[in-house]
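# requesting a structural model of the entry that follows:
(one chain, ligands or ions: 2)
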Amino acid sequence: MSVYFSQTEHFFIDTLNLYEGYKMICGTRIYTSEAYGAVIVSITGTPGTGKTTASKILSKILGLQIINLNELLSNEFAIERDAERDTLIVDVERAVSEFQFPKEAIVDGHLSHFVRSNFVIVLRCKPKNLYQRLQSKAWSVNKTEENVEAEALNIIAGEAYEMNDKVFEIDTTNKTPNEVVEDILKAIKGKLKSQKYDFLEYL
Ligand SMILES: Nc1ncnc2c1ncn2[C@@H]1O[C@H](COP(=O)(O)OP(=O)(O)O)[C@@H](O)[C@H]1O
Ligand SMILES: [Mg+2]
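Numbering: from 1, shown residues only. Ligands and ions are numbered 1, 2, ... in the order given. Model (predicted):
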């Protein structure tokens with residue numbers, strides 16, 4: 001797989017500056033990429049863990065555009081529909097090799113760990129709480145259960161570790177969206193201890 005990838009020491013340092021700036025002015029100013037360099041942050045995790053909510057807050061703080069990977073994949077890289085599971089089958093490999101990713105972005109989606117990025121953030125949520133979040137999105141019981149089970153089996157986190165070096169899991173169960181974003185910023189700054197979560201006991 002070959003995808004656009006911009007990881008250099010230089011970019012990393014720029015990202016750190018950006019975070020310091022954010023702390024000083026409490027996120028009221030939007031930073032431009034020209035001033036601070038390029039970074040790609042993938043926000044992945046089982047549906048319902050809060051990716052889109054966190055991505056929107058993060059994008060305002062960092063001044064980065066959001067690539068909605070699900071939209072991109074379903075519009076341009078869908079192969080067929082699995083009617084029984086009410087799901088589109090997409091060609092992820094073709095997407096990451098053919099799509100020209102920008103130099104900097106937040107990539108929001110439960111497949112975003114397949115995009116090579118500077119940081120992969122895996123949002124986690126305890127299965128019982130995830131069930132409630134998915135039901136509040138009016139998902140069918142079948143789809144809800146399928147995703148809750150995937151979270152309990154640590155599937156996305158497992159895939160993310162296989163695909164990338166800089167992987168940070170964040171347990172969102174008892175965190176507000178703003179606290180989740182604080183942790184993402186710490187990860188980018190190198191201040192978040194990498195921690196693995198195992199929700200198998202909730203099966
Ligand atoms: N940190 C959080 N704590 C509690 N609920 C949250 C949190 N983040 C998001 N939510 C809620 O959970 C649901 C799923 O969030 P969403 O951002 O759409 O998840 P995803 O994009 O991962 O599918 C929404 O109802 C949202 O308001
Ligand atoms: Mg979403």
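
# okay, now the closest residue to ligand 2 within the chain: neighbour count?
Closest to ligand 2 within the chain is residue 52: 3.3 Å, counting by C-beta to the ion. In this view, the C-beta of every residue, glycine as well, is placed from N, C-alpha and C. By the criterion of other C-beta atoms under 10 Å, residue 52 has 14 neighbours.

# which residues touch it?
By C-beta atoms under 8 Å, 6 or more residues apart in numbering, the residues touching residue 52 are 68, 108.

# let me know the secondary structure of it.
Taking DSSP: H, G, I helix; E, B strand; the rest coil as the rule, one finds residue 52 in the helix state.

# near ligand 2, which residues of this protein?
Contact residues (C-beta under 5 Å from the ion) of the chain with ligand 2: 51-52.

# which stretches of the protein form strands?
40-45, 66-68, 78-82, 87-90, 105-108, 119-124, 167-171 (DSSP state E).

# now the helices for the protein?
In the chain, the helices defined using DSSP state H lie at 9-25, 33-36, 51-62, 69-76, 92-98, 127-136, 141-152, 155-163, 177-189.

# weakest of the ones you listed by average pLDDT?
Lowest mean pLDDT of these: helix 9-25, a mean of 33.

# surely residue 89 and residue 80 touch.
Yes - with contact defined as C-beta atoms under 8 Å, residue 89 counts as touching residue 80 (5.0 Å).

# and residue 158, how far is that from residue 39?
25 Å (C-beta to C-beta, to the nearest Å).

# of the two, give the one with the bigger neighbour count.
residue 39 (23 against 13).

# would you confirm that that one contacts residue 104?
Yes - between residue 39 and residue 104 there is a contact at 5.5 Å, judged by C-beta under 8 Å.

# need the residues that contact stretch 74-91.
73, 92, 94-95, 99, 111, 140, 142-143, 146.
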